[in-house]
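[1] Only the shape, not the letters, is given here:
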Ligand SMILES: O=C(O)C(=O)Cc1ccccc1
């Protein structure tokens with residue numbers, strides 16, 4: 001690695017959807033494999049890499065819960081986003097017949113996105129830490145009853161063959177990835193005509209009285225801002241803390257005023273400001 005070359009940690013080994021998305025979003029970065037989401041975040045925190053790219057939500061399977069929880073436990077911030085249209089393939093060692101497949105290995109996100117296909121096949125889903133690791137395991141397996149849900153790139157990487165393409169339950173199956181880096185990160189310059197997103201954590205997990213979400217949203221709508229994503233945290237019967245994304249730049253007057261007013265009620269932790277990536281035409285904006 002040259003001293004100026006930047007690096008990005010990604011989930012798994014070559015061939016994961018995260019690996020492919022890194023090559024699309026950060027083509028000049030050196031790709032650094034890590035076995036799990038936690039290890040990717042740790043690599044950024046320890047300064048071993050400049051960034052990590054992680055799946056945060058999917059149009060079929062919803063939020064990637066682990067990422068929301070793990071990210072909250074770091075001091076890292078979001079600096080970018082990327083959309084990838086995920087086309088799953090069923091891959092198996094050469095000579096495997098689809099009729100004999102009884103076990104399907106993959107990452108839990110991919111298994112969720114192909115739930116109906118797996119049920120129709122009458123196969124048992126087997127979660128693995130990533131799609132490419134699952135592909136490697138299936139490639140080394142014997143017995144002719146195992147297959148993997150992975151990207152077609154894994155065919156050449158792990159010597160597998162395609163049993164079926166496009167097996168995701170929904171034709172439109174888009175994953176949103178986020179770029180995560182260490183703070184402080186200066187927000188991108190505000191350029192007219194460009195759209196920005198600002199992420200924040202509102203409230204605190206040790207707020208025994210819970211969070212008055214309606215009051216928080218009042219502060220936001222009073223400034224004419226739009227909430228494009230909201231997640232509550234599981235583990236509490238009462239809402240104590242929320243993660244939200246606003247369609248605005250963090251330095252805009254509206255955002256500053258909304259945050260100042262929310263801070264009169266509860267705590268606000270900035271989680272990053274980033275230029276919005278183009279929304280794929282097949283998902284709603
Ligand atoms: O295991 C992978 O390939 C990943 O990158 C996680 C994932 C799985 C399915 C869709 C998007 C991301």
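    Received the coordinates, thanks. Note that the coordinates shown come from a computational prediction; the quantities given were computed from them, not determined experimentally. Residues are numbered from 1 along each chain as shown.

[2] From the chain's centroid, how far away is stretch 138-154?
    Computed by C-alpha atoms, centre = their mean, to the nearest Å, the separation of stretch 138-154 from the middle of its chain amounts to 24 Å.

[3] quick one: is that stretch near the ligand?
    No: using C-beta under 6 Å from any ligand atom, stretch 138-154 stays clear of the ligand, coming no nearer than 6.8 Å. All C-beta atoms are positioned from the backbone trio N, CA, C, and that covers glycine.

[4] From one end of that stretch to the other, what's the distance?
    End-to-end distance for stretch 138-154, by C-alpha to C-alpha, to the nearest Å: 11 Å.

[5] Spatially, which residue comes closest to residue 103, not counting chain neighbours?
    residue 146 (4.8 Å; C-beta to C-beta, 6 or more residues apart in numbering).

[6] so the one you found makes contact with residue 91?
    No: the pair residue 146 / residue 91 is not scored as a contact, 10.2 Å apart, by C-beta atoms under 8 Å.

[7] hey, what's in contact with both of these two?
    Listed as contacting both residue 146 and residue 91 by C-beta atoms under 8 Å, 6 or more residues apart in numbering are residue 138.

[8] More neighbours: those two, which one.
    residue 91 (29 against 23; other C-beta atoms under 10 Å).

[9] Pairing partners for the more buried one in the sheet, please.
    residue 148, residue 162 (DSSP bridges).

[10] Name the residues of the helix or strand where residue 133 lies that come out as buried.
    Using DSSP states H and E, residue 133 maps to helix 131-140. The neighbour-count check on helix 131-140 (16 or more other C-beta atoms under 10 Å) flags 131, 132, 133, 134, 135, 136, 138, 139 as buried.

[11] Ok, stretch 63-70 next?
    Neighbour counts over stretch 63-70 (16+ other C-beta under 10 Å) mark 64, 67, 68, 70 as buried.

[12] Likewise for stretch 143-157?
    In stretch 143-157, counting by 16+ other C-beta under 10 Å, buried: 145, 146, 147, 148, 149, 150, 151, 153, 154, 155, 157.

[13] Would you mind giving those residues as TSV with distance to residue 280 and pLDDT added?
    Formatted as TSV, the buried residues of stretch 143-157 follow (distance: C-beta to C-beta, whole Å; pLDDT from 0 to 100):
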residue	distance to residue 280	pLDDT
145	36	97
146	32	98
147	28	98
148	25	98
149	21	98
150	21	98
151	17	98
153	20	98
154	23	98
155	24	98
157	25	98
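
[14] of all those, which two lie farthest apart?
    Across the buried residues of stretch 143-157, the longest distance by C-beta to C-beta is 23.7 Å; it joins 145 and 153.

[15] what's near enough to touch the closest residue to residue 276 other than its chain neighbours?
    In space, and not counting its chain neighbours, residue 276 is closest to residue 195: 4.3 Å by C-beta to C-beta, 6+ apart. The contact partners of residue 195, by C-beta under 8 Å, 6+ apart, come to 247, 275, 276.

[16] re the thing from before, just to be sure, which of the buried residues of stretch 143-157 are found in strands?
    Residues from the buried residues of stretch 143-157 lying in strands, with DSSP state E as the criterion: 146, 147, 148, 149, 150.

[17] I'd like the distance between the first one and residue 96.
    Remark: distance between residue 146 and residue 96 (C-beta to C-beta, to the nearest Å) = 8 Å.

[18] Would you mind giving the secondary structure of residue 217?
    Put simply, residue 217 is helix when judged by DSSP: H, G, I helix; E, B strand; the rest coil.

[19] For it, give its distance to residue 273.
    In terms of C-beta to C-beta, residue 217 sits 20 Å off from residue 273.

[20] Between these two, tell me which one has more neighbours.
    Shown here are residue 217 and residue 273; by other C-beta under 10 Å, residue 273 has more neighbours (25 against 18).

[21] Tell me the buried residues in the helix or strand hosting that one?
    Taking DSSP H and E as the criterion, residue 273 maps to strand 268-275. Neighbour-count burial for strand 268-275 flags 268, 270, 271, 272, 273, 274, 275 (criterion: 16+ other C-beta under 10 Å).
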